[in-house]
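In: just to be clear, the model below is a prediction. Sequence and coordinates:
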Amino acid sequence: MAAEQQNPEPMRAHGGLPDLTGPLSPPPPLLDLVGADGSWVREELAHGTFEAWHFFPHGSAGSAPTHVFIQPVASGDPAAAARGVTTTVLREVRPAEAAEAARRGHRTGQAERYPLAERVEELLRTPDRPTEAYLAAVALRYERLADAGNRSPVRTLVNITGLPLGTVKSHIQLARKRGLLEAVGAKAGGRASGRAHALVAAAKPGRTAAGDPQAAAVPQLRKTRPASTSTFP
């Protein structure tokens with residue numbers, strides 16, 4: 001399984017040494033042991049004699065790691081390595097700081113891969129749904145959820161928007177009908193069109209497209225559920 005590749009970001013601790021770096025790719029044997037996709041953070045232990053690899057599955061970046069592997073480093077002190085992973089070495093393991101490194105790397109990676117992410121989240125919660133810009137945001141968010149391996153993107157959109165399940169389904173169908181969400185072979189969910197990206201990019205922050213000529217084509221919604229504040233991949 002391929003690990004999430006992002007620009008390594010060192011976290012300084014223990015006298016300013018950059019001994020926590022990630023997300024990055026671990027040695028292949030560790031990938032085989034975990035057998036899942038996610039983020040890895042490397043932590044240097046015992047003055048470089050050992051290294052700890054913290055694994056965070058997709059969708060859990062920022063929580064505690066599910067796996068932590070400790071192994072000697074080839075360039076480390078042979079005598080110290082021969083003593084093994086002692087309690088002194090174990091006391092240096094910092095899962096909370098590794099989680100923070102994973103969070104920071106996740107935010108950086110999301111911003112690079114989804115530059116319109118904040119605008120999309122804003123449009124999904126706009127009160128005058130469904131505008132064209134809102135439907136474009138639905139297309140972009142649906143594609144992103146499918147890319148992340150989300151097994152129920154429709155229900156996730158229900159949580160994000162606070163709208164009923166049937167309403168969200170109709171909005172997805174409408175996005176497809178208007179060419180904002182396109183089918184791409186056997187890809188689950190499809191792909192947001194170039195027009196969808198352009199609509200979201202053109203939408204003004206903090207407000208909706210009040211003059212949207214397409215908004216009147218769909219009945220406005222009266223009842224909604226409170227939108228979820230959770231974040232998703």
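Out: Thanks, I have the structure now. Residues are numbered from 1 along each chain as shown.
In: any idea which residue of the chain is furthest from its center?
Out: Ranked by distance from the centre of the chain (C-alpha atoms, centre = their mean), the top residue is residue 79, with 41.3 Å.
In: tell me which element that one is part of?
Out: Assessed by DSSP states H and E, residue 79 sits inside helix 78-82.
In: quick one: list the elements packing against that helix.
Out: Contacts defined by 3 or more C-beta pairs under 8 Å, 6 or more residues apart in numbering; DSSP states H and E place helix 78-82 against no helix or strand at all. C-betas here are computed from N, CA, C, even on glycine.
In: now do the buried residues in it.
Out: Neighbour-count burial for helix 78-82 flags 80-81 (criterion: 16 or more other C-beta atoms under 10 Å).
In: I'd like the next helix or strand past it.
Out: Going down the chain from helix 78-82, the next helix or strand is helix 87-90, by DSSP H and E.
In: got a list of contacts for that following helix?
Out: Applying C-beta atoms under 8 Å, 6 or more residues apart in numbering, the external contacts of helix 87-90 come out as 45-46, 49-50, 70.
In: now those residues in a markdown table, please, with extra columns for secondary structure, neighbour count and distance to residue 84.
Out: Output for those, formatted as a markdown table (DSSP: H, G, I helix; E, B strand; the rest coil; neighbours: other C-beta atoms under 10 Å; distance: C-beta to C-beta, whole Å):
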| residue | secondary structure | neighbour count | distance to residue 84 |
| --- | --- | --- | --- |
| 45 | strand | 24 | 12 |
| 46 | helix | 20 | 11 |
| 49 | coil | 20 | 10 |
| 50 | strand | 24 | 9 |
| 70 | strand | 17 | 10 |
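In: which one among the residues you listed gets closest to residue 105?
Out: Ranked by distance to residue 105 (C-beta to C-beta), the contacts of helix 87-90 are led by residue 45 at 19.9 Å.
In: do I have it right that that closest one meets residue 53?
Out: No - contact criterion C-beta atoms under 8 Å: residue 45 and residue 53 do not qualify, at 10.8 Å.
In: what sits in contact with each of those two?
Out: By C-beta under 8 Å, 6+ apart, the residues touching both residue 45 and residue 53 are residue 70.
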